[in-house]
Structures are given as C-alpha cells and as structure tokens.
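Enquirer: How does the following fold in three dimensions:
(2 chains)
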Number of protein chains: 2
Amino acid sequence: MANIDQVAVNTIRVLAADTTAKSNSGHPGAPMGMAPIAHVLWNNFLKFNPKNPNWLNRDRFVLSNGHGCVLQYSLLHLFGFAVTLDDLKNFRQVDSITPGHPEAHDTPGIEVTTGPLGQGIANAVGLAIAEAHTAAVFNKPDFTLVDNYTYCFLGDGCLQEGVSGEASSLAGHLQLGNLIAIWDDNHITIDGDTNCAFTEDVLKRYEAYGWHVVTVKDGDSDLAAMAAAIKECQAVKNKPSLIQLTTTIGYGSTQQGTHGVHGAPLKAADIKQLKEKFGFNPDKSFDVPQEVYDLYAKKAASGAAAEAEWNQLLAKYAEAYPAEHADLLRRLKSDLPEGWEKALPVYTPADPAVATRKLSETVLSKISSVIPELLGGSADLTGSNLTRWKEAVDFQPAATGLGDYSGRYIRYGVREHAMGAIMNGLAAYGTILPYGGTFLNFVSYAAGAVRLSALSHVRTVWVATHDSIGLGEDGPTHQPIETLAHFRALPNCMVWRPADGNETSAAYKVSLNHKTCPSILALSRQNLPQLEGSTIEKASLGGYVLQEVEGAQVTLVSTGSEVSICVEAAKQLAEQGVKARIVSLPCFEIFDSQPKEYKLSVFPDGIPSLSVEVMTTMGWEKYTHEQFGLNRFGASGPYLDVYKKFEFTPEGISKRALATIDFWKGVTTRSPLNRAFEQII
Amino acid sequence: MANIDQVAVNTIRVLAADTTAKSNSGHPGAPMGMAPIAHVLWNNFLKFNPKNPNWLNRDRFVLSNGHGCVLQYSLLHLFGFAVTLDDLKNFRQVDSITPGHPEAHDTPGIEVTTGPLGQGIANAVGLAIAEAHTAAVFNKPDFTLVDNYTYCFLGDGCLQEGVSGEASSLAGHLQLGNLIAIWDDNHITIDGDTNCAFTEDVLKRYEAYGWHVVTVKDGDSDLAAMAAAIKECQAVKNKPSLIQLTTTIGYGSTQQGTHGVHGAPLKAADIKQLKEKFGFNPDKSFDVPQEVYDLYAKKAASGAAAEAEWNQLLAKYAEAYPAEHADLLRRLKSDLPEGWEKALPVYTPADPAVATRKLSETVLSKISSVIPELLGGSADLTGSNLTRWKEAVDFQPAATGLGDYSGRYIRYGVREHAMGAIMNGLAAYGTILPYGGTFLNFVSYAAGAVRLSALSHVRTVWVATHDSIGLGEDGPTHQPIETLAHFRALPNCMVWRPADGNETSAAYKVSLNHKTCPSILALSRQNLPQLEGSTIEKASLGGYVLQEVEGAQVTLVSTGSEVSICVEAAKQLAEQGVKARIVSLPCFEIFDSQPKEYKLSVFPDGIPSLSVEVMTTMGWEKYTHEQFGLNRFGASGPYLDVYKKFEFTPEGISKRALATIDFWKGVTTRSPLNRAFEQII
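Expert: All right, here's what the predicted structure looks like:
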C-alpha cells in the first residue's frame, strides 16, 4: 500500500524508531502504534497554524501518554512548527527543546507538560472547560471567535490513574462536547499484558461518567474508520467522547505487540527490516519523503489561511465589540487590568480580628468584578474555603439549571488532584486565571499537578485554608505539618502564609501579578488580629520587619497565625527588659528574590533569631539560628487548647526566645543569609 | 415503632446528636443517616470480640467517611469496646481517644485511620487482599483459620476521590469476594446537592470495575432489606460488592436531608424535638436505654464465644501444623524471623559498581524466602523498580491463570495512590509486611496515603527508584527535587538514600525492624561504587563518618549517588593539600534518634561542613553550614551530562568545599546540631 496517507503514517513510525535509536533512549512503541491516528487527526481534523502556535482558536492537542513524545515532536517537525530535524536528533539531550517528556515551556506547539500519567487528560478537561467558558463570554451572534476542540491521546496508564477518573467524571457532568479523547488500547503496559492488572470495562466506565464512546477495531490501518469515529464524536455536542482505538504497540517492529518496544529503542537490525518493509532506504536515517513534507505543508497552509480568516473576523469583532476585544487581547498577554490592585482591601490595627480565609473571601469578592478572567472553584469545600463571591454564577451546563458556561465558579467535587490538573489546563488555554480551594492538607493529594504547574510556569492559585493545627477539632488527619515545607521546596512555586488583612491582600497582589508561577495561599481557619506595622507594600517583599527595636537581643520570625502571638511574646519579653524585634515572612520565595542588602536588613548579623511556626521546622534553618515548630503530628481539640498543648503561646515563645539569647551569648552571630557561595536556582 | 431494633437505631442517632453537641463540633449527619445500616451490620453480621479487638479472624470494619466517626465511637461504646461514655463526652478534646477523625493508633477497635476521603475504601481493599492471602497461606483442610469479611462504609466524597477508583478497579480485577462496601447515598455533600458535581452512574461504574452491585432504596428504615443485601453480597464469592444505600442525612433532625446537618452540631431545640420524636427523655443527654446495652451485650458475648471457639481451633492447628502456627503467631507480633538480617548481603570495595535499585533487588531476592510475610509489588514499573524476586508468584485470582492468592507479588497497575493506601490496609491486617515500588517522583502521587502510614504507625516500605536527576533522559517531569524534603518533613517517616550495597542492606535492616514507621528507600537508576568505609552497622545509625582525616578543614556530607563523588572530590582536595572528611547520612530520622554525643562526633564543632545532594537544599541547614544542591528543576539528558551541567562533579564539589573553608575561616564554627532548646517531636 503506497498511497500517500500510508507513506505519511510509515514516515512517522520510522522517525520514531530513528529518533529513539539516535538518542539510545525513549519510547518508540506508542508513537509507532499511534502513527495512523496521529496522521488522521492532524492531517484531516486538527486546526492549527504552525507559524503561530499561540493562535487562540487552534484545536488543542494533548499527549497524555507523554512518554510517546517522539510522536508529538515528529508531528511538530513534519507539519512545520519550529522543531527541526536537528531538534529530533537532539532528542533527550541536555538543553535541547525535545526533552524526555513534553514540556509546554520548552517547545513550540506543546500545550501542556505531560508524562506523569493521568495529568494530560485532566489538563485536556481544563482546556475544554476554558474553551466552553471563553466561547460563552466572547462569542456573539455572527462572531464565533472560539469553537475549537480539545483532542487528547491517552494510554492504559492514564486510564488507571485516579486523577483521570476524577477529571473524566467531572467532564461528563459538565457535558463537555468539545473534548475528544482517544485511547491507545494496545493491551501493553510496562509490567506486560494489561490482563495482569487492568481488566475493567473502560468504555462502560466512561459511559457511566456520561461520555459518548466509540470503538475503532483496527487502529493499525483502518484510516477511514478512524476519521469516521472522530467525525461522529465531533457531532455529539453535549458529551465528551472517548474513542477506543485498538492498536499494535511498536507496529512494524519484529517485537510489535510486546512490552519490549514500550520503553527501549529498536535494535539496528529491527530498524533495518522496518524500513525495508515500509519501502524506506535502510541505510538512511531521519529521511523524510518530500511528498510527506508536501502533504503536510498543504495542511499547514490551510491552517494559516484559517487563522488569517479568523484574524479578519477578529478585526470586525474589534469594531462591533471594542470592549470585549480589548479584554480578550489583554487576557491573551496575561496582563491584568490596569490598576486592579486598587480593589485590594487595606486594614489598620483598629479593624477587627478576622480569619485569613475570610479575608481571602473579601479579596475575591472585591477583585472578581475587576478581573473578569478569574475563574474559581473548590473541591467541595466552598463554605469552608470561602472561595465563592456572593454573586458568582456556577460554571454548569445550562441543561442542569444550576448555571451556565459563562459562569465563573466551578464545583469541582471532592477531586483535589483533578482540580489541580484542570487548573493547569485552564491556565494553559490563555484567557483564564484559575484558582481553586481546599484544605491546605489536601493540596498534597494534588502534588502531582502542582509540580507540573511549577514546571510549566503556569499561573494557578490555591486557596488553601485550615492551614495548621489551628483548624482544631478535625485533628491530625487534617492538620498540615509537612505541607508548607513540601511546596516551599518545590522550585518555581510561591507559598504564602499571610498574618492579617494587609498580608492577605499582598499575597493576592503578588500571586496574580506573577505570570509564570503557581501560588499556594495558606490561610487560617481562626481569627487573627490586624497587625501594627503590616502594609501591602512591605508584605509584597515576601518578608519585612514588622516591629523594629533599638538594641534588639533577638529577632522573632514568624508567619500567619503565629505572628500575632510573637507580638504578644515580645510584649512579655519587654516587661522583663528583653528587647525582641519581629519579622514577618509570609513568602520565602519572594523574599529570596529581594536584593541581598534588603534581606540582610531584615536578618542582620549580630542578632540571634528564632523562627516560630506551628509546623515542621524544616526550611527555617536557612533564615534563623533557632527554630520553634512542630516536628510531630498535631492533636484534635479546640484550637486554643491545641496551641497551648504545644506551647505556641506568648509564654512558650518567650521561654524559647530567652533560651536563644542565652545560647548565643558571647558568640558572634552571622546572619544565616550569609553564605559561602550562590545556590543553583 | 418501638421494637428493640428501632430503639437501638435511634439510640445511635441520639448519641451522635449529643456527642457533637457536647463538643460543639463534628459531623452528626452521616452517623444519624447511617445508624440503621450500622445497627444491622454490627448486630447481625459483623464478627468481633470487644474484649479483644486484635482477634485475627474478626471482620474488619472501615469507616471511609471518617468524618462520621461519632458513629463508630458510639458503636464501639455500645458494643462494649474500651470506649466509655466519658470518652464520647471528650469527643474532639485534646488527648482524648476520640479525636476528630478515627485514628487506628489511638482507639481500640479502630482498624485504620480515615477521614482524608477515599483512603478508607482503599485500605479496605488492602485488608481484603490480606485476608485472601492469609487464608491461602494458613488455612488447611479442616482448618479455616481465616475467613473474615471486610466491610466499608463510604460516602459520595470517597467515591469522587481518584484513589478510591484506582483501588476499586484493582479490587474488581482481583475478584475480592470478601469485600463489601456500603455507599451512603444521601445526595448531600458540603457544597450542597450531589447534582452540582457528581452525576455519574456510580453503580454502572462499579459494574465496569467487575463489582457486584445492589441497591437498597430505603436506608432509613427498611432493616430487612439491608440485611438481605448484605447476605446477598456475602454469597458472591468472586466479586467485591457495593451496596447503594439511599439514606436521609441527619435523619430525625428538623434539617434532615440538607447539608445543614453535615458538619455542624444540631441546635438545642432540634435535639429536643429529636429526642421527643424518638421517645427519649429530652432533658437527658448521653442516656442509653439499658435494653440497647443488653441487646448489644448479647452480640458481644456471641463474638467472645466465637473467638473462644476459634482459639480452640488454633490450638488444634498448633498440633497439626506447628511450623505454620509458630509463623502465624510470630507475624501477629510484628516480629521478624530471628536472625533474618544474616540474609542481607555485605559488600567490599572490591565488588563492582551497581545501582542501588539493583542492590535492592538483591536484598529482596535474599530475604524473600526468610521473611514469608513480605508481600511486594509495583505500580507497573516492575522491570524498572526491580521489585520482584525471580521465583515470585503473583497474587492473582486463580481464575486468571496468572497466579493465585498465596502469591506474594501484586501487580498494582499504574495506581500509586491506591498502592500506598492498600499497603496501609495490608499492614493493618496483622500478618503482612508490604512493600511497593514506583519512581521516587511518583511517591508524591500517593502523598495522602504515605501521610496516613506515618500517622497510623504502620510498617510499609516504598522502593522508590530513579531517585534524582541521575535518572537522566526521562527529564524534569520525572526527576525529584522536592520529594525527599517533603517526606523528611513528614513526622514518623523514614527516608533512606543509601550510597552503596552495605547502606542498601542497612536501609532494609532498619526499615523492616522498625515496627511502627513507614520507610521510603530512595534508590539510584545509575551504578554506584562500593565505598571504602561503609558497613551495615555504621549505616544503620542513619549517619556516620565514612572517611576521617586528622586536622580536617571541612566535612563533606552527602547521601546516595553523591557520596562517591564526594570521595573523588576529597581526593582532588588532598592533592591540593586540603583535608576533607566525609560523612554519609543515608537517613536523617534514624541519625536524629542517636545520642547527642555520637551525633556531635559525626558533626563536630570547629569544622565547617558542606552538604552535597542533587536536589533541594531544604533541610540540610540543620546539619551543615553550607549546602550544595539543586533548587530548580533538572534537565533531560544522559545522566553524566546532567550531573555535569549542574556541576555535581568532583570539581564542582571541590570548588564549593574551598569556598566553604574560605568563608568560615576565622569564625568559630559551632556544629549546627548544637541548639538552644529541644524540638517538639
């Protein structure tokens, strides 16, 4: 069979074999097995312009089985994206744009970062929500600005991961007809045949979720059936679709259909027979038939034409709807509306004590009308996280009678991990700034997604309430100890733990203004007083001197709910003639980015320092000489009793402040910020 | 309706109202709604002896919707476990045995720690696997030592969590007929009606997983239907069962059926009408009708009799099968076979360089025959984690032809979170020592389960391979940076990162001997040389001086794959006349537990120290003056290239060692282990 479609399919297969062989690393099996569907989808359906991978109304393509990225890199190359043959040859080499798994931040045409299994399909749900919302907000009669599909390839591994189940259940509930997932049903996982661990009826499960399901029996060669299946799914407007595509992993290899081709390059002899079988010159590598380039160039040209047409539509839209047009263009730059920070509430010490979760609610309520791209939600803890502003409309299919797609509040259900991964998809779409609420302790359920937010440089915001033993009665199962250390240790992730209203406003200010970094806002359940000395400006530096005192003998450093207890401790100490200055450090990562001179003014040489935070001390040694924390699990009880049990009281702090002063007496204390060499960041 | 069953049901409801009212905190809704099924199950089916909550062949009861723990505490009290009315009155108070969510470690009769949603049902799958395995190993003709069921209550929240889907899919595959789950289908979650986010067809989904499903329409009062449903499920031997039980949350409250009764105590007037409606004295609290105590005492007595009979069986078993009997009793004490450590391999520097994942495989191969309770597995990475010894039989239903229930190797599928939660159930059963493999980076997917391993003091072992940028080509999506810090910050969790064969043996030795603490073994993909100076004994202290040198100017401290690079660096430094001593610190937590004198001998005053680890520096400031690490994401490439890119080479380390010496010249360096006061641990 030498028709051009088949040549194109085989070209993809041979490129996958060549690329993994050249790097002597990677996964040829899925790319070779999925080459036919990739060809059908990309050449016949997918809407894109390789010259502008950021065109808003492009279809989104997600490779949830990201280990098969050679497939995606090959497609990007063949269709004319800025991925060269040399880039393919540099597959999995240091500083290439073709890393071992697809990274959105590195490679033109990659929408989201995948590889950790189950993430991509959940990202795709986010991209589909984003499209539905953007269409509902911006489309007008005669102006269909946005009508793209999101297509997602996924493997057995993705289907086994819980995060995909969570996201798929929600996608069914939300009736996302713009989402089409294609399951590479090759019966092979790393441990061998799927029979050994994965014998459920996947299609029935997806039907139970409310999806439309289709089967294509011959995914190796029946291109017409594949096209028909995609067409059928496109026509289903109120359900996401799953296509079961039976394929042969590593099709063409002598080891096809076995896990031998899953994660290791083909041997030289195998590649030779593969090329011969497919009519390729066995002595050549990375040899793309010109007719394939030509075929795909035609498709690319039609995509460019489609974008040009769309740009004309956009120009007319600008005339008819100048405000919406301006709003859309602003969003696409990730810029927030000029002066939005003026909506942030400011407090004085005369204002009443309020929980920071409640202060966060006030911020959200005030900025929701100023920042229309804010799209919030909660993993079924709305009343506890206080994530919903009063007038919010739910993002729901209109058929439910509970909201509509223009709604800006998502009921995620008890699905923290999916929420995190969906937020990554929402952020990746380009028109939305997502935030999501849960208890801080349960952000850990979503660790896999948070890590990818950080790695892919997307702006997502976690409203993480009930941030410590201060949640009280729910007890140790719900009281974070290790959580802040975990996410403070994660690169490119901001962790904020504001101490009062001004610091809460600062946390939002910095988090929302930072375009390429996720944030976790750790917020108290319990009321906290408005502090003397806090301002949005100072807190926006990540750390600052809350109370300075001449001749200080000790620096008390704290965050969140413990700052005000430190203030009380300092008063007690003053009564004993001991001088303590106080530093509030709501965000390590932002403080670290300040000039050294400023940092040393906050943590100067010559004064011993003591950190106070009701959770692990890990990470505090970087800033302070001594640490008062909780390196054990908490306790269930009214929160004041719990604080007392562990001595997080003015007395307990004072005692340790005196011990600190005593211990460091006569020793020349250097600021811990002085270091012998720079860290690799 | 005043029959005794109904009185008992209403007693449970009233106790739930009283208990949450007294503590002014907690969740009355689920307990009041599930009181009927709880009564039916506990009084008519559940096999237990309140005087011995550890009887091996008891049925296991798991409250996956752990926020409803007042239900469980009330049952424990009413049936005569060591939970008093005073304990109920102390619900959610500091240092009570009735914390806000059930904790296995605290309360007699609580099998596993629940509350974080989805965990309990996955634990139940582990308990059911454990029963099936224990029965297969120990039951003999005429000796049915083990035939218990595992029952699990769960709510909508549990069903939405991905971990429950993962575990349920595996349970269906494994055909666990001994598992019966009961879904409290009350249509209410915290955000309101389940219509807002959870509209999938749950029963159809569970059928797709291979479960038997039953519906009981009137879970409020049709006790006979509930009993019939349980009976039906007991009879299904090759499928786990899910009973959909339609209930009214907060049944009896004026707010029944709304989320108003989910998470807040009933108001006084509401409790008054509740008691009047149920024929209770509205002026009395915690008032249990004697007839209910009597009824349940009868059930408790029958349970005690059943255990007595079982003990007779066990005595006969001891005669017929003395070896098996001794083995079983040993396992139940969590003791390992005497002298098992002799099976651990010992290495000398003459032995070849080997990856620690491979060294781990050798350990597992050697100890598998010595420790029969070892039950391992991998989340579909067997060939990469090297978790399976050659002769292992898979734990599979015999019908699959792939193994049988006496098999000791579980194919978990790509389900890390379920694997973690299932291991918690396996460990809780009492006869099994579980371990499970995945890449270190994906232990994070299971963070919610690992946290509960630690909190509930169970012995589970993670074989966490590909532990750093040293995994090379797979790139940043798979390279842990924050992971070790995360789990080192988790209380009661050991993290090991061995540097060679002896340290790998030590990691297993200490991890398996520690009965009440989970471990994570971080293991290299790449080969590592056998070190001069390492021994199992020294490494078992958590940290030790690998190479001492008189007049040392700097201490290099490292773990795992970087220790041998530090050895090379020390040689380079010696050539320049600079003396460096080397400390290997494979396990922070075990080192921390050593006497201070020993610790100061490893990290003495007067010598500046530099840590070297190819991941976040967070946590190292506790031990060392300077830190060389990676506070950014890694890179995709051959691992030596990646190490070079970030200067984790002898040269890169030497350079920083010199900077450290220079920076601390003239300063009296205290060991960072000297502290002003003790930490709360």
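Enquirer: make it CA atoms for all contacts and neighbour counts henceforth
Expert: OK.
Enquirer: Provide a list of residue ranges in chain A with pLDDT below threshold.
Expert: Scanning chain A for pLDDT under 70 picks out the ranges A:1-2.
Enquirer: Show me what residue of it gets nearest to chain B.
Expert: Chain B sits closest to A:Gly162 of chain A, with a gap of 3.6 Å, by Cα to the nearest Cα.
Enquirer: Quick check: the gap between that residue and A:Glu416.
Expert: According to Cα to Cα, to the nearest Å, A:Gly162 stands 11 Å off from A:Glu416.
Enquirer: likewise A:Thr215?
Expert: For A:Thr215, the distance to A:Glu416 - Cα to Cα - is 31 Å.
Enquirer: of the two, who's got more company?
Expert: More crowded of A:Thr215 and A:Glu416, by other Cα atoms under 10 Å in any protein chain shown: A:Glu416, with 30 against 18.
Enquirer: Now do the same contact list for that one.
Expert: Residues near A:Glu416 by Cα atoms under 8 Å, 6 or more residues apart in numbering or on different chains: A:379, A:438, A:442-443, A:445-446, B:161.
Enquirer: got the residue ranges for the strands in the stretch 501-650 of chain A?
Expert: Taking DSSP state E, counting those that start in this stretch as the criterion, the stretch 501-650 of chain A contains strands spanning A:519-522, A:527-528, A:544-547, A:554-558, A:580-584, A:609-612, A:626-628.
Enquirer: Near chain B, which residues of the stretch 151-300 of chain A? Just list them.
Expert: The stretch 151-300 of chain A comes close to chain B at residues A:157-158, A:160-166, A:169-170, A:172-173, A:189-191, A:196-202, A:204-206, A:208-210, as judged by Cα under 8 Å from any Cα of the partner chain.
Enquirer: Which members of the contacts of A:Glu416 are positioned in strands?
Expert: A:Thr438 (DSSP state E).
Enquirer: Dump the contacts of A:Glu416 to TSV, plus distance to A:Met32.
Expert: Formatted as TSV, the contacts of A:Glu416 follow (distance: Cα to Cα, whole Å):
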residue	distance to A:Met32
A:Ala379	39
A:Thr438	41
A:Phe442	39
A:Val443	37
A:Tyr445	34
A:Ala446	32
B:Glu161	34
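Enquirer: Was I right to think A:Val461 contacts A:Cys517?
Expert: No - if you go by Cα atoms under 8 Å, A:Val461 and A:Cys517 don't touch, sitting 9.1 Å apart.
Enquirer: quick one: common contacting residues for the two?
Expert: Counting by Cα under 8 Å, 6+ apart, the shared contacts of A:Val461 and A:Cys517 are A:Ser511.
Enquirer: Show me which of those two is the more surrounded one.
Expert: Using other Cα under 10 Å, the more surrounded residue of A:Val461 and A:Cys517 is A:Val461, with 26 against 21.
Enquirer: Now do the same for A:Phe153: helix, strand or coil?
Expert: What DSSP: H, G, I helix; E, B strand; the rest coil gives for A:Phe153 is strand.
Enquirer: buried stuff in stretch A:341-354?
Expert: Across stretch A:341-354, burial judged by 16 or more other Cα atoms under 10 Å in any protein chain shown covers A:341, A:343-348, A:353-354.
Enquirer: Next: stretch A:301-315.
Expert: For stretch A:301-315, a neighbour-count test (16+ other Cα under 10 Å) marks A:301, A:303-304, A:306-307, A:310, A:314 as buried.
Enquirer: Domain map for chain A?
Expert: A:4-304, A:340-528, A:544-663 (automatic domain parsing).
Enquirer: Grab the nearest non-local neighbour of A:Gln627.
Expert: Counting by Cα to Cα, 6 or more residues apart in numbering or on different chains, A:Ser611 is the residue found nearest to A:Gln627 once chain neighbours are left out, at 4.7 Å.
Enquirer: Now do the contacts for the one you found.
Expert: When contacts are counted by Cα under 8 Å, 6+ apart, A:Ser611 touches A:556-558, A:620, A:624, A:626-629.
Enquirer: want to throw those into a markdown table with neighbour count?
Expert: Listed next are the contacts of A:Ser611 as a markdown table, based on neighbours: other Cα atoms under 10 Å in any protein chain shown:
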| residue | neighbour count |
| --- | --- |
| A:Leu556 | 29 |
| A:Val557 | 30 |
| A:Ser558 | 28 |
| A:Trp620 | 25 |
| A:Thr624 | 22 |
| A:Glu626 | 30 |
| A:Gln627 | 29 |
| A:Phe628 | 26 |
| A:Gly629 | 22 |
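Enquirer: Make JSON lines out of those residues and add distance to B:Ile182.
Expert: Shown next, in JSON lines, are those (distance: Cα to Cα, whole Å):
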{"residue": "A:Leu556", "distance to B:Ile182": "51"}
{"residue": "A:Val557", "distance to B:Ile182": "49"}
{"residue": "A:Ser558", "distance to B:Ile182": "46"}
{"residue": "A:Trp620", "distance to B:Ile182": "45"}
{"residue": "A:Thr624", "distance to B:Ile182": "51"}
{"residue": "A:Glu626", "distance to B:Ile182": "50"}
{"residue": "A:Gln627", "distance to B:Ile182": "46"}
{"residue": "A:Phe628", "distance to B:Ile182": "44"}
{"residue": "A:Gly629", "distance to B:Ile182": "41"}
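Enquirer: which residues in the stretch 401-550 of chain A form helices?
Expert: Along the stretch 401-550 of chain A, counting by DSSP state H, counting those that start in this stretch, helices occupy A:416-429, A:440-443, A:447-455, A:483-489, A:501-513, A:536-539.
Enquirer: my guess is A:Val62 is in a strand, correct?
Expert: Yes - counting by three-state DSSP, A:Val62 is located in a strand.
Enquirer: That one: neighbour count?
Expert: Residues near A:Val62, counting by other Cα under 10 Å: 28.
Enquirer: what's the closest non-adjacent residue to it?
Expert: Spatial nearest neighbour of A:Val62, excluding adjacent residues (Cα to Cα, 6+ apart): A:Cys152 at 4.6 Å.
Enquirer: go on, A:Thr215?
Expert: In space, and not counting its chain neighbours, A:Thr215 is closest to A:Gln244: 4.6 Å by Cα to Cα, 6+ apart.
Enquirer: In which helix or strand does the one you found reside?
Expert: In the assignment (DSSP states H and E), A:Gln244 maps to strand A:241-246.
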